[in-house]
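In: my questions are about this predicted structure, shown below with the sequence.
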Amino acid sequence: MPLFLSEAYLLQLGAMQIVAALLVFVWTGFVRSGLGFGGAALGLPLMLLIDDSPLFWLPMIGAHLLFFTAFTLLSRIRLVDWSYLGRSLRWILPAKLAGVFGLLNLPNNWLVLIIYSITLFYALLWLFALKIQSKGGWSDPVLLLIGGYVSGTSLTGAPMLVAVYMQHVALNTLRNTLFVLWFLLVTIKMGALVAFDVPLHLASALWLLPCAALGHYFGLKVHEFMLRHDAPAKRILGAALAVICILGLIFR
């Protein structure tokens, strides 16, 4: 085995933890390509039950997201709303940078609490069929700012950003435009981690890449089906996420 792979922190976990991590990354790949967002929001709570360090998991999620979004966009780059993407970034980017600063400076316990709380909020919205809605005017910048900040701290700001993008981007270009947005935001986060000498755990990410690829493949296959059955799928996801987050908050 190459030394690079044998030094992966992932391999230092217990056997059950490793198996759980493999399954969780299949799940995150499936959600990311199936819904077009939510890989981190739906995966991080499970990951934190395995190892409660966000700075261990977030670089791996980021590395996978960069790989799969770039791969998906190779043949779809023309189906991107560059105009709205550019206009929205003036609100998102400053908040994103503030969020990354928080990620690098907040205590680990605070980060875990923030991630579980935000995900529980999303879970309850989905469980009770409520929506984060953008009504234009002042609500768009507010949602973009909050989504950018949350994305900076935990990569879980997608639902707020999606709520705005859905009002301004045509459906046939929505997922690809979001993929470009995720690529830009994750590149900023990964660059900041490198600048502050935070380990990226690329060896562990490489071990988990086939699992994420398997999930990504099946997610692409059922993307249209999941869009047609969005409400019931989100209710089920919301119920499961609520239970996971409550357990995580109790036993953290």
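Out: Now that the structure is in, tell me what you want to look at. Numbering: from 1, shown residues only.

In: contacts, neighbours, all on C-alpha from now
Out: OK.

In: the stretch 101-250 of the chain: strands as residue ranges?
Out: Remark: no strands are assigned in the stretch 101-250 of the chain by DSSP state E, counting those that start in this stretch.

In: low-confidence bits of it, can you list those?
Out: Within the stretch 101-250 of the chain, the stretches with pLDDT under 70 are 133-136, 223-224, 226-230, 233.

In: which stretches in it count as helices?
Out: Counting by DSSP state H, counting those that start in this stretch, the stretch 101-250 of the chain has helices at residues 108-127, 139-154, 158-168, 171-195, 202-221, 223-228, 230-251.

In: winner for burial among those helices?
Out: Compared across the helices of the stretch 101-250 of the chain, helix 139-154 shows the largest average neighbour count, a mean of 23 (mean count of other C-alpha atoms under 10 Å).

In: ok, and what's touching it?
Out: The contact list for helix 139-154, computed with C-alpha atoms under 8 Å, 6 or more residues apart in numbering, reads 40, 54, 58, 88, 91-103, 111, 115, 134, 156-161, 164, 185, 189.

In: what about residue 76, which SS state?
Out: coil (DSSP: H, G, I helix; E, B strand; the rest coil).

In: counting neighbours, what do you get for it?
Out: For residue 76, the count of nearby residues is 13 (other C-alpha atoms under 10 Å).

In: over to it: give its phi and psi.
Out: In terms of degrees, to the nearest 10, the main-chain angles of residue 76 are phi -130, psi 10.

In: which parts of the helix or strand residue 67 falls within are buried?
Out: Per DSSP states H and E, residue 67 falls inside helix 54-73. Judged by neighbour count using 16 or more other C-alpha atoms under 10 Å, the buried positions of helix 54-73 are 54-66, 68-70, 73.

In: that helix vs helix 139-154, what angle?
Out: Counting by axes from the mean of the first three to the mean of the last three C-alpha atoms, to 10 degrees, helix 54-73 lies at 120 degrees to helix 139-154.

In: residues in contact with helix 54-73?
Out: 40, 44, 47-48, 108, 111-112, 154-155, 176, 179-180, 182-183, 186-187, 190, 198-202, 204-205, 209, 212-213, 216.

In: try it again at 6 Å.
Out: With C-alpha atoms under 6 Å, 6 or more residues apart in numbering as the contact definition, helix 54-73 has outside contacts at 179, 183, 186, 200, 205.
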